[in-house]
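1. Have a look; sequence and predicted model below, questions after that.
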Amino acid sequence: MCGRYYIDDSTASEIEKLIQQTDKKLRQDSMEAVRRITEKDIYPAQRAPVLAGKDKSLCCVWQKWGYPGFQEKQVVFNARCESVIEKTMFRDSIRHNRMVIPAAWFYEWNRRKEKNTFYRKDSRVLYMAGCCRRYEDGIHFVILTTGANASMEPVHDRMPLILEQKEISPWILDDEKAQNMLCKTPCLLERRSDYEQLTLF
């Protein structure tokens, strides 16, 4: 699961580095999107900056997190890697409209509803795989989840599909490579939790 994550200045600066190689017009549009980034938590149904593909290049755009569900006011904000190709709601998205969600970290709650923060020790930003779909009010995205790795298992049995920086372009632009990435095991993450720190005193 991934139901909330955080973006900040580090997120903006890393996106800026990734889009430097695009053509001038696309880079200008992306930089306008990057300048809108502020430090905040992102919740389902909110708009957020993502990396997408345009003219075989990366660009930064804002999309709304979550597909409309079958019931009123329901928001579907995650899709399982194991079944995303089979599900009607996601099938076309995963085949033709993949994108990446950059974040400084994401949150997950354990069974006791205690909040944990997951992040990368070796990078200021982590990249979550996603896909998107157009609706009447614009483009919406979902975050792909996979089985938890060893760093996530103490808290939850699911986690976002985390990509390496070198996998961003292939995920977005290469259909065959992207399909293979659905089976990958994400890197190990660092975890911090306020409740564990409190138990020390």
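-> That came through, no problem. Only a predicted model underlies this, so the values are computations on that prediction, with no experimental measurement involved. Numbers count the residues shown, from 1 in each chain.
2. biggest helix in this structure by residues?
-> Ranked by residue count, the top helix of the chain under DSSP state H comes out as helix 24-35.
3. Name the residues that touch that helix?
-> Outside helix 24-35, the residues that touch it by CB atoms under 8 Å, 6 or more residues apart in numbering are 12, 15-16, 19-20, 22, 49, 54-55, 57-62. To be clear about C-beta, it is placed using only N, CA and C from the backbone, and glycine gets the same treatment.
4. Now do the helices in the protein.
-> Using DSSP H, helices in the chain cover 9-18, 24-35, 91-96, 168-173, 175-181, 194-198.
5. want to try TSV for those helices, with distance to Glu114 as columns?
-> Output for those, formatted as TSV (distance: least, CB to CB, whole Å):
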stretch	distance to Glu114
helix 9-18	25
helix 24-35	34
helix 91-96	33
helix 168-173	32
helix 175-181	31
helix 194-198	4
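6. Pick the most buried one from those.
-> Comparing the helices of the chain by mean neighbour count (mean count of other CB atoms under 10 Å), helix 168-173 ranks first with a mean of 19.
7. helices and strands around that one, which ones?
-> Contacts defined by 3 or more CB pairs under 8 Å, 6 or more residues apart in numbering; DSSP states H and E place helix 168-173 against strand 47-54, strand 57-65, strand 98-103, helix 175-181.
8. who wins for proximity to Asp137 among these?
-> Closest to Asp137 of the helices and strands packed on helix 168-173, according to CB to CB: strand 57-65, at 7.2 Å.
9. what's the angle from that closest one to strand 47-54?
-> On the basis of axes from the mean of the first three to the mean of the last three CA atoms, to 10 degrees, strand 57-65 is oriented at 150 degrees to strand 47-54.
10. Kindly reformat the helices and strands packed on helix 168-173 as JSON lines and extend each row with distance to Val34 and mean pLDDT.
-> Shown next, in JSON lines, are the helices and strands packed on helix 168-173 (distance: least, CB to CB, whole Å; pLDDT from 0 to 100):
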{"stretch": "strand 47-54", "distance to Val34": "7", "mean pLDDT": "96"}
{"stretch": "strand 57-65", "distance to Val34": "5", "mean pLDDT": "96"}
{"stretch": "strand 98-103", "distance to Val34": "10", "mean pLDDT": "98"}
{"stretch": "helix 175-181", "distance to Val34": "24", "mean pLDDT": "96"}
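11. Could you single out the most deeply buried of these?
-> With neighbours defined as mean count of other CB under 10 Å, those peak in mean count at strand 98-103, which reaches a mean of 25.
12. low-scoring stretches of this structure, by residue?
-> 1, 195-201 (pLDDT under 70).
13. circling back to that earlier point, ok, so of the contacts of helix 24-35, who is nearest Arg112?
-> Pro49 (32.4 Å).
14. With Val76 as the reference, measure out to that closest one.
-> 20 Å (CB to CB, to the nearest Å).
15. Also Ala45?
-> For Ala45 relative to Val76 (CB to CB), the value is 11 Å.
16. Thank you kindly, that will do.
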